[in-house]
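In: Let me see the structure of the following:
(one chain, ligands or ions: 1)
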Amino acid sequence: MRDDSPIAEPDVSADRRTSENWVWTGHHRPPVPRSLVDAMALGWGPTPIEGAVHPAATECAERRARIARALPGLTLVVPTGQLKVRANDTDYRFRPGTDFFYLSGCVEPDCVLLIAPGAAAPHATLYVPERRDSRGHAFFTDARYGELWVGPRRGVVEAAQYYAVRTAPREDLAKDLAALAGTTMATVRGVDADVDALVEPSEYDEHLVVALSELRLVKDAFELRQLEGAIAHTVRGFEDVVRALPEAVGRGERVIEGVFNLRARVEGNDVGYDTIAASGANATVLHWTRNSGQVREGDLLLLDAGVECHQLYTADVTRTLPVNGVFSPAQRRVYELVLAAQDAGIAAVQPGASFSAPHDAAVSVLAHGLVALGILDDAEVALRRDRQLHRRYTLHGVSHMLGLDVHDCANARDDVYRGELREGYVLTVEPGLYFQPNDLTVPEEYRGIGVRIEDDIQVTENGPRNLSSGLPRRADEIESWMADLWRLGAPRLGL
Ligand SMILES: [Mn+2]
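Out: Numbers count the residues shown, from 1 in each chain. The predicted structure follows:
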(Lines give C-alpha, C1' and ligand atoms only; values in the text may rest on other atoms or scores of the structure.)
Protein backbone atom coordinates (compact mmCIF):
# COMPACT_ATOMS: atom_id res chain seq x y z
CA MET A 1 0.00 0.00 0.00
CA ARG A 2 1.01 3.58 -0.60
CA ASP A 3 1.16 6.14 2.15
CA ASP A 4 -1.19 9.10 2.11
CA SER A 5 1.41 11.83 1.79
CA PRO A 6 0.73 14.21 -1.10
CA ILE A 7 2.55 13.29 -4.25
CA ALA A 8 4.63 15.79 -6.17
CA GLU A 9 3.24 17.27 -9.38
CA PRO A 10 4.65 15.32 -12.34
CA ASP A 11 7.75 16.46 -14.14
CA VAL A 12 6.55 16.24 -17.71
CA SER A 13 10.09 15.99 -18.97
CA ALA A 14 10.70 12.84 -16.90
CA ASP A 15 10.65 9.39 -18.46
CA ARG A 16 6.94 8.76 -18.81
CA ARG A 17 7.12 5.03 -18.34
CA THR A 18 8.90 5.03 -15.04
CA SER A 19 7.20 7.68 -12.95
CA GLU A 20 6.30 6.22 -9.61
CA ASN A 21 3.26 8.35 -8.86
CA TRP A 22 1.83 9.23 -12.26
CA VAL A 23 0.66 7.40 -15.31
CA TRP A 24 0.68 8.97 -18.78
CA THR A 25 -2.12 7.68 -20.99
CA GLY A 26 -1.64 9.62 -24.20
CA HIS A 27 -0.87 12.82 -26.02
CA HIS A 28 -2.73 15.85 -24.62
CA ARG A 29 -4.11 13.79 -21.74
CA PRO A 30 -3.19 15.07 -18.28
CA PRO A 31 -1.26 12.44 -16.29
CA VAL A 32 -3.35 10.27 -14.01
CA PRO A 33 -2.38 9.69 -10.37
CA ARG A 34 -1.29 6.12 -9.89
CA SER A 35 -3.52 5.94 -6.82
CA LEU A 36 -6.52 6.54 -9.08
CA VAL A 37 -5.32 3.90 -11.52
CA ASP A 38 -5.04 1.46 -8.64
CA ALA A 39 -8.48 2.40 -7.34
CA MET A 40 -9.97 1.92 -10.81
CA ALA A 41 -8.81 -1.69 -10.80
CA LEU A 42 -10.86 -2.53 -7.68
CA GLY A 43 -14.50 -3.04 -6.86
CA TRP A 44 -15.89 -4.36 -10.14
CA GLY A 45 -18.26 -7.27 -10.64
CA PRO A 46 -17.97 -9.60 -13.63
CA THR A 47 -18.95 -8.43 -17.14
CA PRO A 48 -20.98 -11.23 -18.68
CA ILE A 49 -20.60 -11.61 -22.45
CA GLU A 50 -23.64 -12.98 -24.24
CA GLY A 51 -23.69 -15.85 -26.68
CA ALA A 52 -23.24 -19.59 -26.19
CA VAL A 53 -21.83 -20.79 -29.52
CA HIS A 54 -21.30 -18.89 -32.78
CA PRO A 55 -24.00 -19.76 -35.35
CA ALA A 56 -21.41 -20.90 -37.91
CA ALA A 57 -19.09 -22.75 -35.52
CA THR A 58 -19.74 -26.09 -37.25
CA GLU A 59 -19.24 -24.64 -40.72
CA CYS A 60 -16.04 -22.89 -39.66
CA ALA A 61 -14.61 -26.16 -38.31
CA GLU A 62 -15.46 -27.86 -41.60
CA ARG A 63 -13.78 -25.03 -43.56
CA ARG A 64 -10.64 -25.35 -41.43
CA ALA A 65 -10.54 -29.06 -42.16
CA ARG A 66 -10.96 -28.41 -45.87
CA ILE A 67 -8.19 -25.81 -46.12
CA ALA A 68 -5.89 -28.15 -44.18
CA ARG A 69 -6.71 -30.99 -46.61
CA ALA A 70 -6.06 -28.65 -49.56
CA LEU A 71 -2.58 -27.76 -48.23
CA PRO A 72 -1.34 -30.92 -46.48
CA GLY A 73 1.76 -30.68 -44.33
CA LEU A 74 1.69 -26.90 -44.08
CA THR A 75 1.26 -24.85 -40.94
CA LEU A 76 -1.24 -22.13 -41.85
CA VAL A 77 -1.14 -18.74 -40.13
CA VAL A 78 -4.19 -16.62 -40.92
CA PRO A 79 -4.40 -13.19 -39.22
CA THR A 80 -7.44 -10.94 -39.11
CA GLY A 81 -5.54 -7.64 -39.01
CA GLN A 82 -5.28 -4.77 -36.61
CA LEU A 83 -7.17 -1.57 -35.99
CA LYS A 84 -6.52 0.99 -38.72
CA VAL A 85 -5.93 4.60 -37.76
CA ARG A 86 -8.30 7.13 -39.26
CA ALA A 87 -6.53 10.07 -37.66
CA ASN A 88 -4.29 10.31 -34.62
CA ASP A 89 -6.02 8.38 -31.85
CA THR A 90 -9.24 7.52 -33.69
CA ASP A 91 -9.61 4.28 -35.65
CA TYR A 92 -11.91 3.08 -38.38
CA ARG A 93 -14.58 0.64 -37.26
CA PHE A 94 -12.88 -2.74 -37.41
CA ARG A 95 -13.83 -5.28 -40.03
CA PRO A 96 -12.14 -8.70 -39.74
CA GLY A 97 -9.98 -10.05 -42.52
CA THR A 98 -12.21 -12.07 -44.83
CA ASP A 99 -10.07 -15.21 -44.96
CA PHE A 100 -9.70 -15.24 -41.19
CA PHE A 101 -13.39 -14.63 -40.60
CA TYR A 102 -14.36 -17.38 -43.04
CA LEU A 103 -12.35 -19.89 -41.00
CA SER A 104 -13.24 -18.66 -37.52
CA GLY A 105 -16.37 -16.48 -37.42
CA CYS A 106 -14.37 -14.22 -35.08
CA VAL A 107 -14.79 -10.44 -35.34
CA GLU A 108 -12.20 -9.17 -32.86
CA PRO A 109 -9.06 -7.36 -34.06
CA ASP A 110 -5.52 -8.71 -33.56
CA CYS A 111 -6.55 -12.36 -33.58
CA VAL A 112 -4.66 -15.02 -35.53
CA LEU A 113 -5.75 -18.50 -36.52
CA LEU A 114 -3.07 -21.17 -36.64
CA ILE A 115 -3.81 -24.51 -38.29
CA ALA A 116 -1.10 -27.10 -37.78
CA PRO A 117 -1.06 -30.46 -39.56
CA GLY A 118 -1.78 -33.39 -37.26
CA ALA A 119 -1.44 -37.15 -37.54
CA ALA A 120 -5.20 -37.73 -37.60
CA ALA A 121 -6.70 -34.27 -37.95
CA PRO A 122 -5.32 -30.72 -38.13
CA HIS A 123 -5.05 -28.72 -34.91
CA ALA A 124 -6.55 -25.26 -35.02
CA THR A 125 -5.69 -22.65 -32.42
CA LEU A 126 -7.27 -19.22 -32.29
CA TYR A 127 -4.90 -16.66 -30.79
CA VAL A 128 -6.88 -13.97 -28.98
CA PRO A 129 -5.46 -10.99 -27.08
CA GLU A 130 -5.87 -11.19 -23.33
CA ARG A 131 -8.76 -9.11 -22.10
CA ARG A 132 -8.05 -5.61 -20.88
CA ASP A 133 -10.75 -5.87 -18.25
CA SER A 134 -10.90 -4.56 -14.71
CA ARG A 135 -8.25 -7.04 -13.58
CA GLY A 136 -5.57 -4.86 -15.17
CA HIS A 137 -4.60 -1.19 -15.41
CA ALA A 138 -5.19 -1.09 -19.18
CA PHE A 139 -8.90 -1.30 -18.37
CA PHE A 140 -8.75 2.38 -17.47
CA THR A 141 -5.46 3.66 -18.91
CA ASP A 142 -5.66 2.28 -22.48
CA ALA A 143 -8.24 4.29 -24.41
CA ARG A 144 -7.78 2.12 -27.54
CA TYR A 145 -8.23 -1.33 -26.02
CA GLY A 146 -9.25 -0.87 -22.37
CA GLU A 147 -12.70 -2.34 -21.80
CA LEU A 148 -13.85 0.67 -19.81
CA TRP A 149 -13.40 2.65 -23.05
CA VAL A 150 -14.41 0.23 -25.77
CA GLY A 151 -16.60 -2.27 -23.95
CA PRO A 152 -16.04 -5.90 -23.00
CA ARG A 153 -14.95 -8.44 -25.60
CA ARG A 154 -14.24 -12.14 -25.67
CA GLY A 155 -10.82 -13.10 -24.41
CA VAL A 156 -9.03 -16.43 -24.45
CA VAL A 157 -11.61 -18.19 -22.27
CA GLU A 158 -14.79 -16.73 -23.75
CA ALA A 159 -13.60 -17.14 -27.35
CA ALA A 160 -12.88 -20.84 -26.88
CA GLN A 161 -16.47 -21.45 -25.89
CA TYR A 162 -18.09 -19.12 -28.41
CA TYR A 163 -16.09 -20.12 -31.48
CA ALA A 164 -15.80 -23.76 -30.39
CA VAL A 165 -12.07 -23.84 -31.03
CA ARG A 166 -8.93 -24.18 -28.93
CA THR A 167 -7.61 -20.72 -28.02
CA ALA A 168 -4.36 -19.25 -26.78
CA PRO A 169 -3.24 -15.74 -25.84
CA ARG A 170 -2.10 -13.68 -28.83
CA GLU A 171 0.75 -12.62 -26.58
CA ASP A 172 2.09 -16.21 -26.94
CA LEU A 173 2.01 -16.29 -30.76
CA ALA A 174 5.64 -15.25 -31.38
CA LYS A 175 6.90 -17.87 -28.93
CA ASP A 176 4.66 -20.58 -30.37
CA LEU A 177 5.66 -19.77 -33.96
CA ALA A 178 9.33 -19.86 -32.95
CA ALA A 179 8.75 -23.35 -31.55
CA LEU A 180 7.40 -24.38 -34.97
CA ALA A 181 10.59 -23.29 -36.78
CA GLY A 182 11.53 -26.05 -39.17
CA THR A 183 7.96 -26.73 -40.22
CA THR A 184 6.75 -25.30 -43.53
CA MET A 185 4.51 -22.31 -42.97
CA ALA A 186 2.20 -20.21 -45.08
CA THR A 187 0.49 -17.00 -44.13
CA VAL A 188 -1.94 -14.46 -45.54
CA ARG A 189 0.49 -11.58 -45.96
CA GLY A 190 -0.20 -7.87 -45.77
CA VAL A 191 -2.92 -8.16 -43.15
CA ASP A 192 -1.00 -8.02 -39.86
CA ALA A 193 2.51 -6.53 -39.97
CA ASP A 194 3.58 -8.38 -36.83
CA VAL A 195 2.58 -11.73 -38.32
CA ASP A 196 4.34 -10.84 -41.59
CA ALA A 197 7.53 -10.36 -39.58
CA LEU A 198 7.12 -13.65 -37.73
CA VAL A 199 6.57 -15.90 -40.76
CA GLU A 200 9.29 -16.23 -43.41
CA PRO A 201 7.86 -15.44 -46.86
CA SER A 202 7.52 -18.44 -49.15
CA GLU A 203 5.77 -19.59 -52.30
CA TYR A 204 3.21 -21.27 -50.04
CA ASP A 205 1.81 -17.88 -49.02
CA GLU A 206 0.39 -17.55 -52.51
CA HIS A 207 -0.91 -21.13 -52.40
CA LEU A 208 -2.77 -20.32 -49.19
CA VAL A 209 -4.56 -17.19 -50.38
CA VAL A 210 -5.44 -18.85 -53.68
CA ALA A 211 -6.83 -21.94 -51.93
CA LEU A 212 -8.86 -19.81 -49.52
CA SER A 213 -10.43 -17.78 -52.33
CA GLU A 214 -11.22 -20.90 -54.34
CA LEU A 215 -12.73 -22.58 -51.28
CA ARG A 216 -15.12 -19.64 -50.99
CA LEU A 217 -16.39 -19.93 -54.57
CA VAL A 218 -19.05 -22.47 -53.59
CA LYS A 219 -21.35 -21.12 -50.90
CA ASP A 220 -22.61 -23.54 -48.25
CA ALA A 221 -26.18 -23.51 -46.92
CA PHE A 222 -25.30 -21.18 -44.06
CA GLU A 223 -23.71 -18.69 -46.45
CA LEU A 224 -26.69 -18.77 -48.81
CA ARG A 225 -29.01 -18.00 -45.90
CA GLN A 226 -26.83 -15.06 -44.96
CA LEU A 227 -26.81 -13.73 -48.51
CA GLU A 228 -30.59 -14.05 -48.67
CA GLY A 229 -30.82 -12.09 -45.43
CA ALA A 230 -28.45 -9.37 -46.64
CA ILE A 231 -30.50 -9.05 -49.82
CA ALA A 232 -33.78 -8.86 -47.89
CA HIS A 233 -32.34 -5.96 -45.85
CA THR A 234 -31.20 -4.36 -49.10
CA VAL A 235 -34.67 -4.62 -50.65
CA ARG A 236 -36.05 -2.69 -47.68
CA GLY A 237 -33.26 -0.13 -48.06
CA PHE A 238 -34.28 0.46 -51.68
CA GLU A 239 -37.91 0.84 -50.60
CA ASP A 240 -36.79 3.40 -48.00
CA VAL A 241 -34.98 5.33 -50.72
CA VAL A 242 -38.06 5.45 -52.93
CA ARG A 243 -40.14 6.71 -49.99
CA ALA A 244 -37.55 9.41 -49.31
CA LEU A 245 -37.04 10.35 -52.96
CA PRO A 246 -39.39 13.36 -52.93
CA GLU A 247 -37.34 14.78 -50.06
CA ALA A 248 -34.10 14.23 -51.98
CA VAL A 249 -35.29 16.46 -54.80
CA GLY A 250 -33.64 19.79 -54.13
CA ARG A 251 -31.62 18.38 -51.21
CA GLY A 252 -29.44 16.00 -53.16
CA GLU A 253 -27.89 12.57 -53.34
CA ARG A 254 -26.76 12.65 -49.72
CA VAL A 255 -30.37 12.02 -48.71
CA ILE A 256 -30.36 8.84 -50.81
CA GLU A 257 -27.09 7.59 -49.37
CA GLY A 258 -28.09 8.49 -45.83
CA VAL A 259 -31.46 6.77 -46.02
CA PHE A 260 -30.07 3.56 -47.52
CA ASN A 261 -27.18 3.46 -45.06
CA LEU A 262 -29.59 3.94 -42.17
CA ARG A 263 -31.30 0.70 -43.14
CA ALA A 264 -27.90 -0.98 -43.42
CA ARG A 265 -27.03 -0.09 -39.83
CA VAL A 266 -30.48 -0.78 -38.45
CA GLU A 267 -30.79 -4.28 -39.92
CA GLY A 268 -27.26 -5.30 -40.83
CA ASN A 269 -23.68 -4.67 -39.81
CA ASP A 270 -23.12 -1.87 -42.31
CA VAL A 271 -23.10 -1.27 -46.04
CA GLY A 272 -20.97 -3.85 -47.86
CA TYR A 273 -19.30 -1.11 -49.94
CA ASP A 274 -19.70 2.62 -50.37
CA THR A 275 -23.16 3.37 -51.69
CA ILE A 276 -23.34 4.83 -55.18
CA ALA A 277 -26.24 7.31 -55.28
CA ALA A 278 -25.89 8.88 -58.70
CA SER A 279 -28.56 11.14 -60.10
CA GLY A 280 -28.64 12.47 -63.65
CA ALA A 281 -25.30 12.47 -65.46
CA ASN A 282 -23.50 11.33 -62.31
CA ALA A 283 -24.80 7.88 -63.20
CA THR A 284 -22.28 7.80 -66.03
CA VAL A 285 -19.45 7.97 -63.47
CA LEU A 286 -18.95 4.32 -62.53
CA HIS A 287 -17.57 4.87 -59.03
CA TRP A 288 -19.63 7.89 -58.08
CA THR A 289 -19.43 7.58 -54.28
CA ARG A 290 -19.12 11.31 -53.58
CA ASN A 291 -22.92 11.49 -53.65
CA SER A 292 -22.72 15.25 -53.46
CA GLY A 293 -24.87 16.05 -56.46
CA GLN A 294 -28.38 17.33 -56.95
CA VAL A 295 -31.45 15.15 -57.51
CA ARG A 296 -33.75 16.73 -60.07
CA GLU A 297 -37.22 15.97 -61.36
CA GLY A 298 -36.78 14.18 -64.66
CA ASP A 299 -33.45 12.61 -63.67
CA LEU A 300 -32.75 8.93 -63.46
CA LEU A 301 -31.31 7.88 -60.11
CA LEU A 302 -28.79 5.04 -60.27
CA LEU A 303 -28.55 3.43 -56.84
CA ASP A 304 -25.89 0.72 -56.41
CA ALA A 305 -26.02 -0.39 -52.79
CA GLY A 306 -25.87 -3.45 -50.58
CA VAL A 307 -26.40 -4.21 -46.91
CA GLU A 308 -23.73 -6.33 -45.22
CA CYS A 309 -25.46 -8.61 -42.71
CA HIS A 310 -24.21 -9.37 -39.22
CA GLN A 311 -22.30 -12.38 -40.53
CA LEU A 312 -20.63 -10.01 -43.01
CA TYR A 313 -22.09 -11.32 -46.27
CA THR A 314 -23.09 -8.49 -48.56
CA ALA A 315 -25.72 -7.88 -51.19
CA ASP A 316 -24.79 -5.93 -54.33
CA VAL A 317 -27.82 -4.59 -56.14
CA THR A 318 -28.38 -1.75 -58.58
CA ARG A 319 -31.62 -0.19 -59.70
CA THR A 320 -32.04 2.82 -61.97
CA LEU A 321 -35.19 4.70 -61.06
CA PRO A 322 -36.98 7.73 -62.54
CA VAL A 323 -36.90 10.40 -59.84
CA ASN A 324 -40.46 11.51 -60.61
CA GLY A 325 -41.73 7.93 -60.88
CA VAL A 326 -42.11 7.75 -64.68
CA PHE A 327 -39.46 7.01 -67.33
CA SER A 328 -39.26 9.48 -70.20
CA PRO A 329 -39.42 7.86 -73.65
CA ALA A 330 -35.64 8.22 -74.18
CA GLN A 331 -34.87 6.93 -70.68
CA ARG A 332 -37.20 4.01 -71.20
CA ARG A 333 -35.52 3.03 -74.50
CA VAL A 334 -32.12 2.88 -72.83
CA TYR A 335 -33.56 1.16 -69.77
CA GLU A 336 -35.30 -1.57 -71.75
CA LEU A 337 -32.15 -2.26 -73.71
CA VAL A 338 -30.15 -2.78 -70.51
CA LEU A 339 -32.98 -4.91 -69.13
CA ALA A 340 -32.97 -7.11 -72.23
CA ALA A 341 -29.22 -7.49 -71.86
CA GLN A 342 -29.63 -8.43 -68.21
CA ASP A 343 -32.34 -10.97 -69.05
CA ALA A 344 -29.95 -12.58 -71.53
CA GLY A 345 -27.12 -12.47 -69.02
CA ILE A 346 -29.16 -14.05 -66.22
CA ALA A 347 -30.41 -16.79 -68.53
CA ALA A 348 -26.78 -17.67 -69.30
CA VAL A 349 -26.02 -18.41 -65.63
CA GLN A 350 -26.05 -22.19 -65.95
CA PRO A 351 -23.95 -24.83 -64.23
CA GLY A 352 -21.17 -25.82 -66.59
CA ALA A 353 -21.39 -22.59 -68.59
CA SER A 354 -18.35 -20.35 -68.68
CA PHE A 355 -18.06 -17.44 -66.26
CA SER A 356 -17.98 -15.20 -69.33
CA ALA A 357 -21.26 -16.58 -70.75
CA PRO A 358 -23.51 -14.02 -68.97
CA HIS A 359 -21.14 -11.23 -69.99
CA ASP A 360 -21.02 -12.31 -73.62
CA ALA A 361 -24.78 -12.73 -73.82
CA ALA A 362 -25.50 -9.35 -72.25
CA VAL A 363 -22.91 -7.45 -74.25
CA SER A 364 -24.17 -8.91 -77.52
CA VAL A 365 -27.65 -7.57 -76.74
CA LEU A 366 -26.20 -4.18 -75.81
CA ALA A 367 -24.12 -3.91 -78.98
CA HIS A 368 -27.08 -4.70 -81.22
CA GLY A 369 -29.22 -2.26 -79.26
CA LEU A 370 -26.59 0.44 -79.65
CA VAL A 371 -26.98 0.03 -83.39
CA ALA A 372 -30.75 0.40 -83.05
CA LEU A 373 -30.20 3.61 -81.04
CA GLY A 374 -28.02 4.96 -83.84
CA ILE A 375 -24.84 4.90 -81.79
CA LEU A 376 -22.90 2.02 -83.33
CA ASP A 377 -22.79 1.20 -87.04
CA ASP A 378 -22.34 -2.55 -86.96
CA ALA A 379 -22.69 -4.73 -83.89
CA GLU A 380 -20.67 -7.67 -85.21
CA VAL A 381 -17.77 -5.41 -86.14
CA ALA A 382 -17.98 -3.60 -82.81
CA LEU A 383 -17.96 -6.89 -80.88
CA ARG A 384 -14.84 -8.20 -82.62
CA ARG A 385 -12.08 -9.03 -80.17
CA ASP A 386 -9.75 -6.56 -81.84
CA ARG A 387 -12.32 -3.74 -81.85
CA GLN A 388 -14.65 -3.82 -78.80
CA LEU A 389 -16.12 -0.46 -79.74
CA HIS A 390 -19.19 -0.99 -77.53
CA ARG A 391 -16.99 -0.64 -74.49
CA ARG A 392 -17.07 3.15 -74.82
CA TYR A 393 -20.67 2.83 -73.54
CA THR A 394 -20.68 -0.44 -71.55
CA LEU A 395 -17.39 0.24 -69.71
CA HIS A 396 -17.27 -2.77 -67.36
CA GLY A 397 -17.69 -6.53 -67.08
CA VAL A 398 -21.11 -7.90 -66.31
CA SER A 399 -20.32 -10.27 -63.42
CA HIS A 400 -18.24 -10.81 -60.32
CA MET A 401 -18.45 -13.28 -57.47
CA LEU A 402 -20.33 -12.16 -54.38
CA GLY A 403 -20.06 -13.29 -50.78
CA LEU A 404 -18.21 -11.99 -47.73
CA ASP A 405 -16.50 -9.50 -50.02
CA VAL A 406 -18.47 -7.60 -52.61
CA HIS A 407 -15.83 -8.64 -55.15
CA ASP A 408 -15.48 -12.08 -53.61
CA CYS A 409 -12.85 -14.76 -54.16
CA ALA A 410 -10.51 -12.19 -55.69
CA ASN A 411 -7.39 -14.33 -55.18
CA ALA A 412 -8.69 -17.35 -57.08
CA ARG A 413 -6.64 -18.35 -60.12
CA ASP A 414 -7.96 -16.66 -63.24
CA ASP A 415 -8.71 -19.93 -65.02
CA VAL A 416 -10.71 -21.10 -62.01
CA TYR A 417 -12.55 -17.81 -61.36
CA ARG A 418 -13.31 -17.43 -65.05
CA GLY A 419 -13.80 -21.15 -65.61
CA GLU A 420 -17.03 -23.13 -65.41
CA LEU A 421 -19.87 -21.87 -63.25
CA ARG A 422 -20.70 -24.42 -60.56
CA GLU A 423 -23.69 -25.03 -58.33
CA GLY A 424 -23.42 -22.87 -55.24
CA TYR A 425 -21.60 -19.98 -56.88
CA VAL A 426 -23.23 -16.58 -56.37
CA LEU A 427 -22.41 -13.87 -58.88
CA THR A 428 -23.82 -10.56 -60.01
CA VAL A 429 -25.26 -9.90 -63.46
CA GLU A 430 -25.05 -6.16 -63.98
CA PRO A 431 -24.95 -4.79 -67.49
CA GLY A 432 -25.07 -1.04 -67.96
CA LEU A 433 -24.99 1.70 -70.54
CA TYR A 434 -23.31 5.02 -69.84
CA PHE A 435 -23.70 7.94 -72.18
CA GLN A 436 -21.39 10.70 -70.99
CA PRO A 437 -23.02 14.15 -71.09
CA ASN A 438 -20.35 15.41 -73.48
CA ASP A 439 -20.13 12.34 -75.74
CA LEU A 440 -20.60 13.72 -79.24
CA THR A 441 -20.96 10.19 -80.68
CA VAL A 442 -24.30 9.83 -78.87
CA PRO A 443 -27.59 11.42 -80.00
CA GLU A 444 -28.31 14.40 -77.81
CA GLU A 445 -31.44 12.94 -76.21
CA TYR A 446 -29.38 10.12 -74.66
CA ARG A 447 -26.45 12.18 -73.40
CA GLY A 448 -26.14 12.14 -69.62
CA ILE A 449 -28.16 8.94 -69.24
CA GLY A 450 -26.59 6.13 -67.23
CA VAL A 451 -28.46 2.90 -66.57
CA ARG A 452 -27.30 -0.20 -64.72
CA ILE A 453 -29.44 -3.07 -63.48
CA GLU A 454 -27.74 -5.51 -61.11
CA ASP A 455 -29.01 -8.65 -59.45
CA ASP A 456 -27.41 -11.37 -57.34
CA ILE A 457 -27.70 -14.77 -58.96
CA GLN A 458 -27.14 -18.19 -57.43
CA VAL A 459 -26.07 -20.99 -59.75
CA THR A 460 -28.34 -23.99 -59.14
CA GLU A 461 -28.70 -27.33 -60.89
CA ASN A 462 -31.86 -25.88 -62.46
CA GLY A 463 -30.12 -22.76 -63.69
CA PRO A 464 -30.17 -19.20 -62.37
CA ARG A 465 -31.90 -18.30 -59.11
CA ASN A 466 -32.32 -14.55 -58.74
CA LEU A 467 -31.80 -13.86 -55.04
CA SER A 468 -32.72 -10.18 -55.46
CA SER A 469 -36.01 -10.69 -57.28
CA GLY A 470 -37.72 -8.92 -54.38
CA LEU A 471 -37.00 -5.70 -56.26
CA PRO A 472 -38.82 -5.07 -59.53
CA ARG A 473 -36.71 -4.86 -62.71
CA ARG A 474 -39.18 -4.19 -65.55
CA ALA A 475 -39.90 -0.53 -66.29
CA ASP A 476 -43.67 -0.83 -65.76
CA GLU A 477 -43.17 -2.74 -62.52
CA ILE A 478 -40.76 -0.12 -61.27
CA GLU A 479 -43.24 2.66 -61.99
CA SER A 480 -46.11 0.90 -60.21
CA TRP A 481 -43.84 -0.13 -57.30
CA MET A 482 -42.80 3.51 -56.83
CA ALA A 483 -46.41 4.69 -57.10
CA ASP A 484 -47.44 2.15 -54.44
CA LEU A 485 -44.74 3.36 -52.07
CA TRP A 486 -45.85 6.96 -52.65
CA ARG A 487 -49.60 6.47 -52.46
CA LEU A 488 -51.47 8.59 -49.99
CA GLY A 489 -51.23 7.20 -46.49
CA ALA A 490 -48.34 4.83 -47.22
CA PRO A 491 -45.73 4.86 -44.44
CA ARG A 492 -42.78 7.12 -45.17
CA LEU A 493 -39.90 5.16 -43.66
CA GLY A 494 -40.77 1.65 -42.55
CA LEU A 495 -38.15 1.51 -39.85
MN1 LIG B 1 -21.49 -5.32 -58.48
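
In: which intervals of this structure have sub-threshold pLDDT?
Out: Low-confidence segments of the chain (pLDDT under 70): 1-18, 492-495.

In: Would you map out the domains in it?
Out: Listed domain ranges for the chain are 57-215, 221-486 (source: automatic domain parsing).

In: what about the last one, start to end distance?
Out: Read that as domain 221-486. By CA to CA, to the nearest Å, the extent of domain 221-486 from end to end equals 37 Å.

In: repeat for the first one
Out: Using CA to CA, the end-to-end distance of domain 57-215 comes to 17 Å.

In: and what of stretch 52-60?
Out: From its first residue to its last, stretch 52-60 covers 16 Å (CA to CA).

In: rewinding a little: now tabulate the domains of the chain in a markdown table and tack on distance to residue 19.
Out: C-betas here are computed from N, CA, C, even on glycine. What follows is those, written out as a markdown table (distance: least, CB to CB, whole Å):
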| stretch | distance to residue 19 |
| --- | --- |
| domain 57-215 | 13 |
| domain 221-486 | 41 |
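
In: Just name the most buried of the ones you listed.
Out: Of all these, domain 221-486 has the most neighbours on average by mean count of other CB atoms under 10 Å, namely a mean of 19.

In: quick one: contacts of stretch 347-363?
Out: 341-342, 344-346, 383, 390, 394, 397-399, 417-423, 427, 429, 431, 457, 459-461, 463-464 (CB atoms under 8 Å, 6 or more residues apart in numbering).

In: Which residue, other than its chain neighbours, is closest to the residue in the stretch 201-350 of the chain positioned nearest to the ion?
Out: Residue of the stretch 201-350 of the chain nearest the ion, by CB to the ion: residue 316 (4.2 Å). Excluding its sequence neighbours, the residue lying closest to residue 316 (CB to CB, 6 or more residues apart in numbering) is residue 306, at 4.5 Å.

In: ok, now residue 485?
Out: Excluding the flanking residues, the one nearest residue 485 by CB to CB, 6+ apart is residue 242, at 4.7 Å.

In: element containing that neighbour?
Out: Using DSSP states H and E, residue 242 maps to helix 221-248.

In: Is any residue of that helix near the ion?
Out: No: judged by CB under 5 Å from the ion, helix 221-248 and the ion are separated, with a smallest distance of 12.1 Å.

In: got it, and stretch 348-368?
Out: No: using CB under 5 Å from the ion, stretch 348-368 stays clear of the ion, with a minimum separation of 12.6 Å.

In: first to last residue in that stretch, what's the distance?
Out: From its first residue to its last, stretch 348-368 covers 18 Å (CA to CA).

In: now that stretch: how far from the chain's centre is it?
Out: On the basis of CA atoms, centre = their mean, to the nearest Å, stretch 348-368 sits 26 Å off its chain's mean C-alpha point.

In: Could I get the full set of helices for the stretch 251-400 of the chain?
Out: Counting by DSSP state H, counting those that start in this stretch, the stretch 251-400 of the chain has helices at residues 253-267, 329-347, 357-372, 379-383, 391-394.

In: on that earlier part again, can you report phi and psi for the residue nearest to residue 316?
Out: Here is the backbone geometry of residue 306 (degrees, to the nearest 10): phi -150, psi 140.

In: Then residue 414?
Out: Here is the backbone geometry of residue 414 (degrees, to the nearest 10): phi -60, psi -40.

In: Take the helices of the stretch 251-400 of the chain and write them to TSV, including distance to residue 30.
Out: Formatted as TSV, the helices of the stretch 251-400 of the chain follow (distance: least, CB to CB, whole Å):
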stretch	distance to residue 30
helix 253-267	35
helix 329-347	61
helix 357-372	61
helix 379-383	69
helix 391-394	60
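
In: Would you check that my belief about residue 304 contacting residue 453 is correct?
Out: No: with contact defined as CB atoms under 8 Å, residue 304 does not reach residue 453; the gap is 10.2 Å.

In: list residues touching both of these two?
Out: Here residue 304 and residue 453 have residue 318 as joint contacts, going by CB under 8 Å, 6+ apart.

In: sec struct for residue 68, please.
Out: The three-state assignment at residue 68 reads helix, by DSSP: H, G, I helix; E, B strand; the rest coil.

In: Distance of it relative to the ion?
Out: Look at residue 68 and the ion: by CB to the ion, to the nearest Å, they are 32 Å apart.

In: Check the separation of the first and last residues in stretch 92-105.
Out: One end of stretch 92-105 to the other measures 20 Å (CA to CA).

In: contacting residues around it?
Out: If you take CB under 8 Å, 6+ apart as the criterion, stretch 92-105 is touched by 54-57, 60, 63-64, 67, 78-81, 83-86, 106-109, 111-113, 115, 124, 126, 163, 165, 188, 191, 209, 212, 215-216, 270, 311-312, 404-405.

In: so which strand or helix has the nearest residue to residue 224 once chain neighbours are set aside?
Out: Nearest-residue entry for residue 224: residue 458, 6.8 Å, with adjacent residues in sequence omitted and distances by CB to CB, 6+ apart. Element membership for residue 458, per DSSP H and E: strand 455-460.

In: following that strand, which helix or strand shows up next?
Out: strand 463-466.

In: Thank you kindly, that will do.
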